[in-house]
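> What would the 3D arrangement of this be:
(2 chains)
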Amino acid sequence: MGMSIIGISIPVFLTAIMSIYIFSVELGWLPSFGRGETVELYGWTVGFLTRDGLLHLILPCTALSSIMLPLFIRLIRAEMMEVLESEYVRFAWAKGLSRRRIWFLHALKNTLLPVITVGGLQIGTLIAFTILTETVFQWPGMGFLFLEAVNRVDTPLIVAYLIVVGLIFVIANTIVDLIYGLVNPTVRLARSYSEGD
Amino acid sequence: MIAPAWRRFERSYLFYSFRRDQVAIISFTILFIFVLASFFAPLLAPYDPYDPIQIDIMDSEIPPVWMEAGDQRFMLGTDAQGRDLFSTILYGSRISITIGIFAVLLQAFLGISIGLVSGYVGGRLDNFLMRLADIQLSFSTLMVAIIFLAVFQALFGTELYEKLAILMLILVIGIAEWPQYARTVRANVLAEKKKEYVDAVRVIGLGSLRIMFKHILPNTLSPILVISTVQIANAIVSEAALSFLGLGMPVTKPSLGSLINSGFEFIFSGSWWITIIPGIVLILLVLVMNLLGDFLRDVMNPKLYKD
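Reported below is the predicted structural model:
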């Protein structure tokens, strides 16, 4: 819990700057900006297949995950506390199952439901609103594109960006809803009851 | 006048649990020192970062005293323009805290009035106002602020912008986050409205405005207090993020964010202190506020009274 509140309190651009200072400037292990070397693969320019491209991924990825991590820690903690109080977990204890089996098999499964919902929303945010991280790392992504468009007052690009972002959010939410129905049988049951069968 | 109120506060549950919680005491002390130091910045700071006469470009990029090339005159070193970093941080956190507090005051004012009216009146007005809040919430604060500030800068020029920067930031951050308050207040008003004391007051024949602000509002204060601390921290972070993108405070009047931004260009040449020291100050400030917010939430949440 202590770690997660520290994680929430550090703005993402500071995490990014500090990791750049430590790993690129002081230690010189990782590259600090850009997408790195890319290769042409059947007309698709891709950076995942070169060592340089993969090295360029490490710092931005860690910086981005540092925003999401405390969020999920807190969510799972709250949810786990609730689930461990519930009847079926008490039944599992009474049945004499091992602690590990109850925690990781029985309880964890049900804590993951809200994680799917929040995670789905966060995927949209990760694609569209990572303006700060992409600025620090000069990553040629959507957030960086948006900031460039705003700085040049490129209105058509801003409008197009907003529409695409809306689309991404709608698609992400739809997929989350579908997965939720597959994972959580109570939702399916509720639906078939309300249809009157 | 003050003494009885203080004595009542001393006996309250809030003060009791505050005295028993070390984390809360430490965070409150740090926050108090921060606020005092930034409030009295002109007295404490050895130099005035806004006064060009006291700045010498020859003093630029001097590291802090504990490093070899450090200079006794500058405790935390200097930035790229030769400003004393310690004084600049004091003045900078003053701007950051001011923007944070006033932006939250604006949010609270808008959010509380809208939430009260919406919850109390109900019906079609309630629907309309809450859909408005949903629309506002679906835009990310940062994006609204970026578009708004960039358009303002482009329309009216940088010179006017530099003069109005604080005001603009307060307005943008304040307006973008009012639904947080409106929703909390509305939910509480809906719960309070059904209680007997409200019926009693209505039977006496008081007007709706008086009922809303004098009788219902005081009962919704504790959640407002809880979100306020966290919202101030959020507002400070938003301001720092905007300044970092070059859309907040100008370099001539740096806040913590613009200080971090101006130092970021020099991090590759080894002058880490221009970025890292204001960064640590910012993290500490936000961390302390979040810890206090957590403490308040635990204390004021009646669900947790049981243990």
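> And the pLDDT at residue 96?
Picked chain A for this. pLDDT for A:G96: 82.
> try again with chain B
At B:S96, pLDDT is 88.
> got it, and the one 4 residues further on?
What the model reports for B:G100 is a pLDDT of 89.
> What residues sit buried inside the helix or strand containing A:L147?
Using DSSP states H and E, A:L147 maps to helix A:142-151. Residues A:142-147, A:149-150 are the ones in helix A:142-151 that count as buried (16 or more other C-beta atoms under 10 Å in any protein chain shown). In short, each C-beta sits where N, CA and C put it, glycine included.
> Assign the closest residue to B:T158 other than its chain neighbours to helix, strand or coil.
Among residues not flanking B:T158 along the chain, B:P250 sits closest, at 7.7 Å (C-beta to C-beta, 6 or more residues apart in numbering or on different chains). With DSSP: H, G, I helix; E, B strand; the rest coil as the basis, B:P250 sits in coil.
> Could you check how far B:P254 is from A:I17?
16 Å (C-beta to C-beta, to the nearest Å).
> neighbours around the residue nearest to B:M300 when sequence neighbours are not counted, how many?
In space, and not counting its chain neighbours, B:M300 is closest to B:S222: 4.2 Å by C-beta to C-beta, 6+ apart. By other C-beta atoms under 10 Å in any protein chain shown, 16 other residues sit near B:S222.
> Local confidence estimate at B:S222?
So, for B:S222, pLDDT stands at 80.
> And it, which helix or strand is it part of?
Using DSSP H and E, B:S222 falls in helix B:221-244.
> Can you list the helices and strands that that helix packs against?
helix A:12-19, helix A:131-136, helix B:85-121, helix B:141-176, helix B:178-193, helix B:256-264, helix B:273-300 (3 or more C-beta pairs under 8 Å, 6 or more residues apart in numbering or on different chains; DSSP states H and E).
> Alpha carbons of the first one, as CSV, please.
Only the C-alpha atoms of helix A:12-19 are listed here, as CSV (Å, rounded to 0.1, in the frame of the first residue of the first chain):
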residue,chain,number,x,y,z
VAL,A,12,4.5,10.1,-15.1
PHE,A,13,6.8,12.7,-16.7
LEU,A,14,9.0,12.6,-13.6
THR,A,15,9.2,8.8,-13.7
ALA,A,16,10.2,9.1,-17.3
ILE,A,17,12.8,11.8,-16.7
MET,A,18,14.3,10.0,-13.8
SER,A,19,14.6,6.7,-15.6
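> Could you verify my assumption that the residue nearest to B:M300 touches B:R297?
No. Contact criterion C-beta atoms under 8 Å: B:S222 and B:R297 do not qualify, at 9.5 Å.
> What does B:G246 show for phi and psi?
Main-chain dihedrals, B:G246, degrees, to the nearest 10: phi 90, psi 20.
> Please list all residues in contact with the closest residue to it other than its chain neighbours.
Leaving out its chain neighbours, the residue that sits closest to B:G246 by C-beta to C-beta, 6+ apart is B:N261, at 6.4 Å. Each residue near B:N261 by C-beta atoms under 8 Å, 6 or more residues apart in numbering or on different chains is listed here: B:243-246.
> ok, now with 10 Å
Residues in contact with B:N261 (C-beta atoms under 10 Å, 6 or more residues apart in numbering or on different chains) are A:13, A:17, A:135, B:240-246, B:248-249, B:251, B:254-255, B:274-275, B:278.
> Counting neighbours, which of these end up buried?
A:13, A:17, A:135, B:240-246, B:248-249, B:254-255, B:274-275, B:278.
> closest to A:E87 out of the helices and strands packed on helix B:221-244?
With C-beta to C-beta as the measure, helix B:273-300 is the member of the helices and strands packed on helix B:221-244 nearest A:E87 (26.9 Å).
> Chain neighbours aside, what residue packs nearest to the residue of the stretch 51-200 of chain B found nearest chain A?
Nearest to chain A in the stretch 51-200 of chain B, going by C-beta to the nearest C-beta, is B:A150, at a distance of 4.4 Å. In this structure, B:A150 finds its nearest non-sequential neighbour in A:V150, 4.4 Å apart by C-beta to C-beta, 6+ apart.
> Could you measure from that neighbour over to A:L57?
Counting by C-beta to C-beta - A:V150 and A:L57 are separated by 26 Å.
> From the contact counts, what lies against the longest helix seen in chain A?
Criterion DSSP state H: the longest helix present in chain A is helix A:51-84. Contacts defined by 3 or more C-beta pairs under 10 Å, 6 or more residues apart in numbering or on different chains; DSSP states H and E place helix A:51-84 against helix A:2-9, helix A:12-19, helix A:87-95, helix A:108-128, helix A:131-136.
> now with 6 Å?
helix A:2-9, helix A:12-19, helix A:108-128, helix A:131-136 (3 or more C-beta pairs under 6 Å, 6 or more residues apart in numbering or on different chains; DSSP states H and E).
> residue ranges with poor pLDDT in the chain?
Because you didn't say which chain, this covers chain A. For chain A, residues meeting the criterion pLDDT under 70 lie at A:36, A:43, A:47-49, A:187-197.
> try again with chain B
For chain B (pLDDT under 70), the answer is B:1-2, B:52, B:55-61, B:65, B:67-73, B:301-307.
> where does it come near chain A, residue by residue?
B:140, B:146, B:150, B:154, B:237, B:241, B:244, B:267, B:272, B:275, B:279, B:283, B:286-287, B:290 (C-beta under 6 Å from any C-beta of the partner chain).
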